[in-house]
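1. Take a look and give me a structure for this.
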Amino acid sequence: MVQLKCFQYLHYFCSIDQIPPEVIEHISACMGLPPQQEITYPSAHRSLYRHHEAVRKLLGVQPFTGPRARNDAVRIAREVSQIVNTRIDIINILIAELVRLDYELPMFGALVKIAEKEHEAAEQALAAAIHAVAPQADAASMLCAAGVTARGAIIDSCQGDSGGPLVAGSGSATRLVGVVSWGKECATTFAGVYTRVAAEYDFLVQQGAVAPVAPVAPTIAPTLLVAPRPGALLVTFVAASDGSRPVAFAADVVDPATGRVWSCFTGPRKDEMPPTCAVEGLTDGTVYSVTGIAGTEAGNSPVAGPVLASPAPVPTVGRIVRIVRGAGRLIARVTPSTSTVSPITSTLVICWPARGLALVGEVEGGRAVLAGADRVRYGCVLRAINDAGHSDSARVLVPAGRR
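-> Predicted coordinates:
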């Protein structure tokens, strides 16, 4: 009875020693039994497994085992990832749907892995949709945007909307970030293109549409984000929210062993993304000290850092040995990829059709499965990723399937 009641509440079988004594005592009292604060099973645990099976049969629950259960979970996570933006939302909805389908919940780590994989695939697909438009869009003066409703319908601007606003934030933080410009068709997988308002700041000041901002010296140091690159360090500056408008950023990279200093400089970007500069000519694996400042016409900020970082090479990518089709999927066999300094964080097989969204599959055990394949020709690469960047293998063509 304790196992039954705990399962009805949790939807999985927890360890006996994890059940609070108060729960066991309460259930015993409700059944009119003498007070009891613990339950035990023989060391062989055969009775425990029989009780688990009896609870499943009584409640009509199926264990989360076999390919069917995993395929259902992957399908749910894939559909949900097209609607919600965060992994935790995907996990919460995935749990609710598995319960609705009368599955015993698996280990939480298994749900996290499925959610992360499908979330990453959705992000890759969204990036591919934006990149389909991006070659014709100037990132410095334009931005791409699209959205979906809770039911998965695409939100987009269309004919007659030109000049309309794209607004970000809420309440006092609401601001105009874009103006409807152009696009390809309406409410498709192609994102709408908007004029970036921040890129037109000088023009708007000249026209008297906005008031110029008097320069003030930064009072807070910028945040430095340092990423390894092969023989280099990429420094990203995140300006502090202190009311200043920096016009320049500078970073110094010091080799503590020799005292040698390298410097790089950059300015603000028109697209409002954090500016970056790269220091090259460094030695992979050597630890360097990085500091930086932001400056306006009125003065410089306090010094940020130091941040310790080491250059690292991108991975040495393996190769795609073979790709076969099967039941709406592409199945790829690949050789291992290696990385000498910075560990590989992800290995993917990415397949692009002539038109439409890319397919993405994570490599596990030398194999990647890419679901949702049509009977069209694909060009596929193996991509190995680490903190220094990524490397792609030679492209492998997958012929169109028979119709």
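2. ok, which stretches of the stretch 151-300 of the chain are strands?
-> Chain-ordered strands for the stretch 151-300 of the chain, with DSSP state E, counting those that start in this stretch as the definition, fall at 154-155, 165-168, 175-182, 192-196, 223-229, 232-238, 248-254, 261-266, 276-280, 288-296, 299-300.
3. Format those as JSON lines; extra columns: distance to His119, mean neighbour count and mean pLDDT.
-> Where C-beta positions appear, they are placed from N, C-alpha and C, glycine not excepted. Rendered in JSON lines, the data for the strands of the stretch 151-300 of the chain read as follows (distance: least, CB to CB, whole Å; neighbours: other CB atoms under 10 Å; pLDDT from 0 to 100):
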{"stretch": "strand 154-155", "distance to His119": "19", "mean neighbour count": "14", "mean pLDDT": "78"}
{"stretch": "strand 165-168", "distance to His119": "22", "mean neighbour count": "13", "mean pLDDT": "87"}
{"stretch": "strand 175-182", "distance to His119": "25", "mean neighbour count": "17", "mean pLDDT": "86"}
{"stretch": "strand 192-196", "distance to His119": "23", "mean neighbour count": "23", "mean pLDDT": "86"}
{"stretch": "strand 223-229", "distance to His119": "22", "mean neighbour count": "19", "mean pLDDT": "87"}
{"stretch": "strand 232-238", "distance to His119": "23", "mean neighbour count": "22", "mean pLDDT": "90"}
{"stretch": "strand 248-254", "distance to His119": "32", "mean neighbour count": "21", "mean pLDDT": "95"}
{"stretch": "strand 261-266", "distance to His119": "32", "mean neighbour count": "15", "mean pLDDT": "95"}
{"stretch": "strand 276-280", "distance to His119": "26", "mean neighbour count": "17", "mean pLDDT": "92"}
{"stretch": "strand 288-296", "distance to His119": "31", "mean neighbour count": "21", "mean pLDDT": "94"}
{"stretch": "strand 299-300", "distance to His119": "40", "mean neighbour count": "14", "mean pLDDT": "91"}
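4. Could I get those strands in CSV, plus columns for distance to Val341?
-> Putting those into CSV (distance: least, CB to CB, whole Å) gives the following:
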stretch, distance to Val341
strand 154-155, 42
strand 165-168, 38
strand 175-182, 39
strand 192-196, 37
strand 223-229, 8
strand 232-238, 13
strand 248-254, 17
strand 261-266, 19
strand 276-280, 17
strand 288-296, 13
strand 299-300, 34
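5. what's the closest of those strands to Val376?
-> Val376 lies closest, by CB to CB, to one member of these: strand 154-155, at 21.8 Å.
6. If you count contacts, what does that closest one end up packed against?
-> Under the contact criterion of 3 or more CB pairs under 8 Å, 6 or more residues apart in numbering; DSSP states H and E, strand 154-155 touches strand 147-148.
7. can you give me the helices for the chain?
-> Secondary structure of the chain, counting by DSSP state H: helices at 2-10, 21-30, 46-59, 66-81, 87-100, 108-133, 201-206.
8. What pLDDT does the model give the nearest residue to Thr86 once chain neighbours are set aside?
-> Using CB to CB, 6 or more residues apart in numbering and skipping the chain neighbours, the partner closest in space to Thr86 is His119 (8.0 Å). At His119, the model reports a pLDDT of 84.
9. Same check on His390?
-> Per-residue confidence for His390 comes out at a pLDDT of 81.
10. Check Ala137 too.
-> If you check Ala137, the pLDDT there is 63.
11. same check, this time on the one 4 residues further on
-> Listed pLDDT for Ser141 reads 82.
12. Leaving out sequence neighbours, find the closest residue to it.
-> In space, not counting the residues next to it along the chain, Ser141 is nearest to Ala199; the distance is 4.4 Å by CB to CB, 6+ apart.
13. Is that neighbour in contact with Lys270, as I believe?
-> Yes. Because the distance of 4.1 Å satisfies CB atoms under 8 Å, Ala199 is recorded as touching Lys270.
14. What about the residue nearest to Ser141, how many residues nearby?
-> Ala199 has 19 neighbours, counted by other CB atoms under 10 Å.
15. Domain-wise, how is this protein divided?
-> Residue ranges for the structural domains of the chain, counted by automatic domain parsing, are given in the record as 2-59, 66-128, 137-206, 223-309, 320-398.
16. Next, show the common contact partners of Ala199 and Lys270.
-> With CB atoms under 8 Å, 6 or more residues apart in numbering applied, the overlap between the contact sets of Ala199 and Lys270 consists of 140-141.
17. What separates the first and last residues of stretch 359-366, distance-wise?
-> Its start and end residues considered, stretch 359-366 measures 17 Å (CA to CA, to the nearest Å).
18. and it, how far from the chain's centre?
-> Using CA atoms, centre = their mean, to the nearest Å, we find the averaged C-alpha position of stretch 359-366 to lie 16 Å away from the chain's own average C-alpha position.
19. does the residue nearest to Thr86 really touch Arg87, like I thought?
-> Yes. Taking contact to mean CB under 8 Å, the distance of 5.1 Å between His119 and Arg87 places them in contact.
20. Counting neighbours, which bits of stretch 77-89 end up buried?
-> 77-81, 83-84, 87 (16 or more other CB atoms under 10 Å).
21. tell me the phi and psi of Gly169?
-> Recorded main-chain torsions at Gly169 are phi 80, psi 180, according to degrees, to the nearest 10.
22. Just grab the bridge partners of the closest residue to it other than its chain neighbours for me.
-> Setting aside the residues directly before and after it, Gly169 is nearest to Arg175 in space (CB to CB, 6+ apart), at 5.6 Å. With beta bridges defined as DSSP bridges, Arg175 has these partners: Ala168.
23. which ones are touching Leu10?
-> By CB under 8 Å, 6+ apart, Leu10 lies in contact with Leu105.
24. Could I get the pLDDT score of it?
-> Residue-level confidence at Leu10 comes out at 78, pLDDT.
25. could we number from 39 for the rest of this?
-> Sure, I'll start counting at 39 from here, so that last one is Leu48.
26. State the distance from it to Thr187.
-> Applying CB to CB, to the nearest Å, one obtains 32 Å for the distance of Leu48 from Thr187.
27. same deal with Phe287?
-> Distance check for Phe287 against Thr187: by CB to CB, it reads 40 Å.
28. And for Ser179?
-> To Thr187, Ser179 is 29 Å away according to CB to CB.
29. Pick out the residue closest to the middle of this protein.
-> By CA atoms, centre = their mean, the mean C-alpha position of the chain lies nearest to Glu158, the distance being 5.0 Å.
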